[in-house]
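3D model of this:
(chains A, B and C)
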Amino acid sequence: MNYPAWDVAHIGSGWVIGIIAIFHVLISHFAVGGGLYLPIAERKALKEGRREWLNLLRKHSRFFLILTGVFGAVSGVGIWFAIGLANPEATSALIHNFVFAWAAEWVFFLVELSCAAVYYYTWDRVSPRFHLAVGWLYAAASLATLIIINGILTFMLTPGEAWLSAAGTGREASQFWPAFFNPVYWPSLFLRILVCLNLAGVWALASYSKIAKASDGLRAETLRWSARWIAPGFLLLPVFLAWFLWSLPEPRRALLELGVHTIGPGAFTQATRAALVVLVASAGVAGLVYLFAWKSPRDFGFSHAAAVLALAAAATGAGEYTRELLRKPYVVVRYMYSNGVRVQDAARFNREGFLTRSLWAAGAASLEKRGEAMFRGQCMACHTRKGYRSMRRLLAGRNEESIGNLLRTLHERKEDSPYRAFMPPLVGTEEEIAALKTYLAKLAAPSGGEEKPAVVKQIASQ
Amino acid sequence: MKQARHSLYKWLDERLDLTEILAFARKKTVPVHRRSFWYYWGGLSLFFFLVQALTGTLLLIYYRPGPEAYESVRQITYEIDFGWLIRSIHSWAANLMIFAVMTHMFSVFFMKAYRKPRELGWWSGLGLLGLALFFGFSGYLLPMDELSYFATKVGLEIPALIPWVGPKAAALLRGGVDVSAVTTQRFFALHAAVLPALFVPLLAFHLWLVQKHGNAVPPSEELKPPEQRRSIPFFPDFALKDLAMWLIALNLLVLLAAMFPQGLGQPADPLAPAPQGIHPEWYFMSSFQTLKMFGKWFPGTAGEALGLIVFNLGLAIWALIPLYDNKRAWGLRARIASYIGLAALALLVLTTVWGYLALD
Amino acid sequence: MSEEASMEQNSAGEKSGMKRRLFVRTTLGAAGLAYAGALGYPVYRYLAAPVEQAEREAAVTEAVLKDAQKLPPGTALMFRFGARPAMLIHHRDGAWTAFDAVCTHLGCTVRFEPERRRIHCACHGGVYDPKTGANLAGPPPRPLRAYRVKVVEEAVVVSRV
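Numbering: from 1, shown residues only, chains lettered A, B, ... in the order given. I've put the predicted structure just below:
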């Protein structure tokens, strides 16, 4: 482990990525879907000679430019910062494998940004044909960024046998294409395109509810036209979702079952619960758009749009969260564990020690300090001390001995260990694990923190 | 297929007069104005009640009152497939239902929708709120964990304050000198049989009144000349919007249940010390805090009894407001009633917040 | 365009419009059903949970008890067979027997008493024969259910008869 861990209190470093990423996905997928929406709408308006509709589109493209060009772009860079800090090992591994893909994505991203600006600033200044061509170029460039990033995201979930057999040999790059077009690449791409179309419609509704005049007959017409963009997603989402799940390897799918029968703390039940929210909220978006925008476009206001948007955010956020959870206990499945330990390094760490390989922990001399270094290096990628997946809560009521037993279970990671499905092995020498035990026992002791011992209501939110 | 549907409709129509009902629904209108948003809260309360009836029935299948109460809820939460979901939705919908009913009540109050001819609507609504609170109180004990045990123990101290009949009534509710397995048995009977039997007819009466009198409009709207007032047909326009609100409510419910599922504490142990910061559900917080403060200001049982009297006096004024503010016009009485409403709302919010702050 | 021709076109358009509407309705309905099914699925699983559990338990026909061949003669080992408690007895004469350990009287778990060579139920004093499982004394109405025992190299395999 070459890098120290990033200590974010309460939410943990993972949620820093999560919050930025969910915000980013909500906008970047709009950037792709909206990229198709604009030229298609413009073409229709031109063909039918609808001047007033073009004016409305111009206003909408302004909203589009600001939202995607500023908030989308900034949050995208934000993800880079966050993943580099939160999981440097994984980021490094991804860059080593996909540097070419990322460079290509960057180029398309620049084309995309330029086109968006040109598109907005050349309304009525260039020939309609040329303007429309810029719109199409934008759509193509933004779709290309999705096509590329989807390969990298899905690689982490299913790297595929070909790449895995080359992993660690130094010849990983020879398996670039199988890794890129990995087993869930296609279902995931189609799912994402559906989400893009949905978000194009949802954001257009939000935009029109503000920019179109209430008295206009045009308003109702454009709202209904935008509402249609939800239909493909509503119809095909079940199909592609089923395809996606079917393409997943069994251990990934099994993670979805863990929360069916229990909400017991420490049983990793979040994936089931998040998947449930995805289903209900995506149906909710379609239902609301139908009832609000399609059935009574005349009364459609910003508060209605906000409700739709909130549900879309819930569906998108829960969807991304579920996808992340399905990788457990890995960050790159079967290659690197969630905490950045490579699968192939585990045995060596057990032999030679985890901390001896961690330069940043060299100063940790005392037992407790070494225990804390172990905690930072191996636990903190997913757990916090007192916040999200809090160690204090999960270890509450255990004494040092029983914590030691739990650590041994995690270290041995036998076939029948329930933790095997979602937690990485605890690696290190006996002495290091004992140090971690000491540290955790102190953390879990009722007086170990300044918190009041009163447990007013036990809510198993992990 | 169309043919088949048509003949089915005809068959039913000949027996049920569907056309008449449909015509009535189409003819009925709902006013549209700045405050139309508040019209949805009655419907939302109804939605949450329906959810309660459905999930409650599902919970009946595995819940066992009496000595096994805790064990059965433990099984529902930690063993039965999606039992946690059903139970969490039941618990969240209970809270949201009380919230929706209270919002509905205050919106009715400020729109002055209790005036003639809607007094009975106001009273039946208050009755429904009272029953809903009883539902909440009795349901809270059923898991029989530490928290529900102590909350019920404390909650039953309140009726015990009533002179003469109080202690006897509390003992009857408990079925003994202390909350025990016997109590869960009778609270279960209350929760799943007695209260529904009272609630459903009252609800039907309430809904019938709403159909009969239609939606009230706020006085500001009443003053407008008829040609300036807008309205939409109840069916399908308003019904569709109502449906949309129900959909939002359903999504909110699933989101809350999935993100914050209802856990289960340690089994109730009468010998264990009460856990710190024991407090009732939020909808009892206001009255809990009021009684607590009266007890502090006037030491001895007299203080709490005084609190109880003051509290019931307020409740009586609240219930009798339609008889006081009974003129169409916007006069002195109307204004005073509005101030009473504002004061009640402020008092409710303040004492609730105060109650939570006073916990630590 | 003559009036007639336009009318014809209209009716043709109407026909294709009706077809389209039917198609849209059908697909929307199908998707709606898919979502409704997804929402109903948890309720189904909730109701079916005990069925699944019972089926899983009934499906257990064999239990492999690792290292149980080392059980000293004259002792018994309690284990779970499916969801039910069961006991494996290694008799002093080297014989092996295994029984369901639930008393046939009122469902208490029974105990092997080597010194008195009997299986005893403490609840109401039922007594069974440790070799055959036959109910010898006390209230039990039926013998204990016996399992087949096979001692292999590193385990004892108990299976349903």
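
Report the backbone C-alpha coordinates of stretch A:117-125 in CSV.
Taking only C-alpha atoms (Å, rounded to 0.1, in the frame of the first residue of the first chain), the coordinates of stretch A:117-125 have been written out as CSV:
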residue,chain,number,x,y,z
ALA,A,117,-20.8,27.0,-26.7
VAL,A,118,-20.9,27.4,-30.5
TYR,A,119,-24.4,26.0,-30.6
TYR,A,120,-25.7,28.5,-28.1
TYR,A,121,-23.9,31.5,-29.4
THR,A,122,-24.6,31.0,-33.1
TRP,A,123,-28.4,30.9,-32.9
ASP,A,124,-29.6,33.0,-35.9
ARG,A,125,-26.1,34.0,-36.8
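
which of the residues in it are buried?
For stretch A:117-125, a neighbour-count test (16 or more other C-beta atoms under 10 Å in any protein chain shown) marks A:118, A:119, A:120, A:123 as buried. C-betas here are computed from N, CA, C, even on glycine.

Tell me the spacing between the second one and chain B.
When you say that, I think you mean residue A:119. When C-beta to the nearest C-beta, to the nearest Å is applied, the distance between residue A:119 and chain B equals 34 Å.

Okay, and that residue sits in which element?
Here residue A:119 is covered by helix A:88-121, with elements defined by DSSP states H and E.

That helix: what's the following helix or strand?
Using DSSP H and E, the next helix or strand after helix A:88-121 towards the C-terminus is helix A:128-157.

what's the helix or strand just after that following helix packed up against?
Past helix A:128-157, heading to the C-terminal end, the next element that is a helix or strand (DSSP H and E) is helix A:161-166. For helix A:161-166, the elements it packs on are helix A:176-180, judged by 3 or more C-beta pairs under 8 Å, 6 or more residues apart in numbering or on different chains; DSSP states H and E.

tell me how far the helix it packs on is from the chain's mean position?
21 Å (C-alpha atoms, centre = their mean, to the nearest Å).

what residues does it touch?
By C-beta atoms under 8 Å, 6 or more residues apart in numbering or on different chains, the surrounding residues in contact with helix A:176-180 are A:97, A:98, A:100, A:101, A:151, A:152, A:155, A:159, A:160, A:162, A:163, A:172.

Looking at the residues you listed, which is nearest residue A:221?
For residue A:221, the closest of the contacts of helix A:176-180 turns out to be residue A:151, at 39.0 Å, with distances computed as C-beta to C-beta.

what about that closest one, neighbour count?
By other C-beta atoms under 10 Å in any protein chain shown, 21 other residues sit near residue A:151.

Spatially nearest residue to it, not counting backbone neighbours?
Taking C-beta to C-beta, 6 or more residues apart in numbering or on different chains, and ignoring the residues beside it in sequence, residue A:151 has residue A:180 as its nearest neighbour in space, at 4.0 Å.

tell me the angle of the helix holding residue A:119 relative to helix A:128-157?
Relative orientation of helix A:88-121 versus helix A:128-157 (axes from the mean of the first three to the mean of the last three C-alpha atoms, to 10 degrees): 170 degrees.

Now do the closest residue to residue A:342 other than its chain neighbours against residue A:426, distance only.
Counting by C-beta to C-beta, 6+ apart, residue A:342 lies nearest to residue A:336, which is 5.2 Å off, once chain neighbours are set aside. As judged by C-beta to C-beta, to the nearest Å, residue A:336 and residue A:426 stand 16 Å apart.

now swap in residue B:271 and tell me
As defined by C-beta to C-beta, residue B:271 lies at a distance of 39 Å from residue A:426.

Residue C:64 now?
As it turns out, when the distance is counted by C-beta to C-beta, residue C:64 lies 29 Å from residue A:426.

The two: who's more crowded?
Just comparing residue C:64 and residue A:426: by other C-beta under 10 Å the higher neighbour count belongs to residue A:426, 26 against 13.

Help me confirm that the more buried one comes into contact with residue A:403.
No - the pair formed by residue A:426 and residue A:403 falls short of the contact definition of C-beta atoms under 8 Å, at 11.6 Å.

For the stretch 51-200 of chain B, which residues are neighbours of chain C?
By C-beta under 8 Å from any C-beta of the partner chain, the part of the stretch 51-200 of chain B that sits against chain C consists of B:58, B:61, B:79, B:80, B:81, B:82, B:83, B:85, B:86.

cutoff 7 Å now
B:58, B:80, B:81, B:82, B:83, B:85, B:86 (C-beta under 7 Å from any C-beta of the partner chain).

Taking these, tell me the two that lie furthest apart.
B:58 and B:81 (11.9 Å).

what do those two both touch?
When contacts are counted by C-beta atoms under 7 Å, 6 or more residues apart in numbering or on different chains, the set common to residue B:58 and residue B:81 consists of residue C:46.

Let me see the contact set for residue C:87.
Contacts of residue C:87 (C-beta under 7 Å, 6+ apart): C:76, C:77, C:78, C:98, C:99, C:101, C:112.

Would you agree it falls within a strand?
Yes - counting by DSSP: H, G, I helix; E, B strand; the rest coil, residue C:87 is part of a strand.

The nearest residue to it once chain neighbours are set aside: neighbour count?
In space, and not counting its chain neighbours, residue C:87 is closest to residue C:101: 4.5 Å by C-beta to C-beta, 6+ apart. Taking other C-beta under 10 Å as the criterion, the count of residues near residue C:101 is 24.

Check residue C:22 too.
By other C-beta under 10 Å, the residues close to residue C:22 number 12.

Who are the contact partners of it?
Shown in contact with residue C:22 (C-beta under 7 Å, 6+ apart): no residues.

per-residue confidence averaged over the host helix or strand of it?
Residue C:22 belongs to helix C:3-59 when elements are defined using DSSP H and E. Regarding helix C:3-59, the rounded mean pLDDT is 78.
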